[in-house]
Structures are given as structure tokens and as C-alpha cells.
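> coordinates only, sequence not included:
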């Protein structure tokens, strides 16, 4: 019975994540001004129990405002921060930092079109001291249902969270960059147009 209950919970999480993934890929509302600080504060409040359970240190510097979809951006931060907690070391206090800065597309090195070169981007960085991953694994993590080999047999997670993150970034006409060092942590940089 316990196995059936566990399988049922996992299936429920998978269906919920698939619904979010489909919704994020669907029709998009007109962008509105979004306070990123408020969104991150709400996500931190949602994750309060997990943060306390792991005795995590979370540093969030003031974040700016952009034009976008508040609900989808909430999903983005929810997935990235919950992953930082989930894939932390069990014998080391998790440390997660979130900060942002404004750069032009040209300064980011990510822009390719003339519009992107001139556009201002809010560059949001989320850095943790967790399990990390290799450069080769970094190329795979945004694929739907893709889980790193070391996480494949863990019960939590469906392999959809980072695919949702990438889709949200793309829907906002932004870019995402990731770096990992096995055993030392991961850094996600999200480049979102300001206006």
C-alpha cells in the first residue's frame, strides 16, 4: 500500500508539472510591470518550511522591475530556488544567493540581433553551494524529463522544472546561462528584457 501511495503522489506531481509546462507554453497575456522582489519574497514564503528544515542561508539582494508575466516568473523562481534546496549537500548548510544587475545586450555577450544589443536586460543570478554538475550535464538539464544520473532514482522531482524555467525565459524573450561545478554548486543567470 505504501508503494502504491508513493507512486500515486509521484504521478500527481508529474501531472501537475505537465499542466504547468503546457500552460507556460500556451497563450501569453499582455506583459505588465512586475516587481521581481515581491515575486521572490512570495516564493521564499512558500518555501519557508523547506528552508527551515535544511537550515538554509538565503541572501536576496534588492531586485528590480521588468515587464512580464508575474505567474510565470513565480514558477521560474519557485523551480530554481526549490532545486537549490533539493540538491544541496546533506552534510553542509545550504547557501543560496540571489541578486540582479542591469546590462545592455551587448554587455551580456548573449545578444545576437541589433535590437538585443541595444536592449537593457535585468540579469538575475541565483547561486548555490549544492551538488553542482559537469559542463556536459549542463547541456542536458533543460530538456523535459531529463534528470542528472545522480538524481535519477530520487523520489522527488519529475524532470520538468528546468524545462519550465527555460520556457518562461524564452517567453520573456530572454536568455539563460548555467554553470556548475560538481560538489561545489551551480549558478544560473537569467537575462530578461527590462522594457
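It's in. The model shown is predicted, which means the values in this text are computed figures rather than measured ones.

> so the most centrally placed residue in the chain, which of the three states?
Residue closest to the average C-alpha location in the chain (CA atoms, centre = their mean): residue 80, at 2.8 Å. Secondary structure state of residue 80, per DSSP: H, G, I helix; E, B strand; the rest coil, is helix.

> Quick check: pLDDT value at the residue nearest to it when sequence neighbours are not counted.
Among residues not flanking residue 80 along the chain, residue 126 sits closest, at 5.1 Å (CB to CB, 6 or more residues apart in numbering). The C-beta positions use only the backbone N, C-alpha and C, and glycine is treated the same way. Note on residue 126: pLDDT of 97.

> How many residues are close by residue 126?
Counted with other CB atoms under 10 Å, residues neighbouring residue 126 total 23.

> which residues in this protein form strands?
All strands of the chain, identified by DSSP state E, fall at 32-35, 57-60, 65-68, 95-104, 120-128, 175-181, 185-193.

> I'd like to know which of the ones you listed is closest to residue 112.
Checking the strands of the chain against residue 112 by CB to CB gives strand 175-181 as the closest, at 9.5 Å.

> Mind giving me the packing neighbours of the closest one?
Helices and strands touching strand 175-181, as assessed by 3 or more CB pairs under 8 Å, 6 or more residues apart in numbering; DSSP states H and E, comprise helix 135-138, helix 161-171, strand 185-193.

> Quickly note the distance from residue 84 to residue 194.
Here the distance between residue 84 and residue 194 works out to 25 Å (CB to CB, to the nearest Å).

> which stretches of the chain have low pLDDT?
For the chain, the stretches with pLDDT under 70 are 6-29, 144-159.
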